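Undergrad: sequence below, structure please.
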Amino acid sequence: QVQLVESGGGLVQAGGSLRLSCVASGRTFSNYAAGWFRQAPGKEREFVAAISWSSGGTYYAESVKGRFAISRDNVKNTVYLQMNSLKPEDTADYYCAARDGRILSPNSNLYDYWGQGTQVTVSA
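TA: Here you go, the predicted structure:
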């Protein structure tokens with residue numbers, strides 16, 4: 001059984017940075033894609049970024065392109081989301097997800113495994 005555990009959320013001022021981590025366990029992830037999604041209060045869950053575990057290829061939502069960076073450490077089975085130049089509108093619960101397959105997708109319905117989420121609050 002796959003388990004995903006996020007950490008690294010918190011409160012930060014606008015313009016600041018945070019790095020989220022997602023530790024994966026339960027199987028080898030060489031043929032998986034991992035993604036980060038977020039959900040703000042009263043809003044639907046939205047795609048943030050995805051990465052191919054094998055190739056390291058990445059895909060970003062337009063709203064975070066140039067500010068966020070997704071990466072992975074295959075030895076530690078960990079996916080990271082480095083968030084820079086944070087804005088109040090980035091405030092949300094951030095979720096790590098994984099899917100069996102190499103296609104990077106912004107569609108949350110295609111992801112099989114989810115973490116419990118970590119809260120990010122950006123103050124103005």
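
Undergrad: which element is the residue nearest the centre of the chain on?
TA: Centroid-nearest residue in the chain, with Cα atoms, centre = their mean: W36, separated by 2.2 Å. Using DSSP states H and E, W36 sits within strand 32-39.

Undergrad: tell me the buried residues in stretch 44-52?
TA: The neighbour-count check on stretch 44-52 (16 or more other Cβ atoms under 10 Å) flags 47-52 as buried. All C-beta atoms are positioned from the backbone trio N, CA, C, and that covers glycine.

Undergrad: hang on, I meant stretch 8-24
TA: For stretch 8-24, a neighbour-count test (16+ other Cβ under 10 Å) marks 8-9, 12, 18, 20-24 as buried.

Undergrad: repeat that for stretch 85-96.
TA: For stretch 85-96, the buried set under the neighbour-count rule, 16+ other Cβ under 10 Å, comprises 86, 90-96.

Undergrad: ends of that stretch, what's the gap?
TA: One end of stretch 85-96 sits 21 Å from the other (Cα to Cα, to the nearest Å).

Undergrad: and stretch 56-70, by the same measure?
TA: 9 Å.

Undergrad: ok, now stretch 102-115?
TA: 19 Å.

Undergrad: now swap in stretch 46-57 and tell me
TA: For stretch 46-57, the first-to-last residue distance is 20 Å (Cα to Cα).

Undergrad: quick revisit: show me what the residue nearest to the centre of the chain is bridged to.
TA: W36 has these beta-bridge partners by DSSP bridges: A49, C96.
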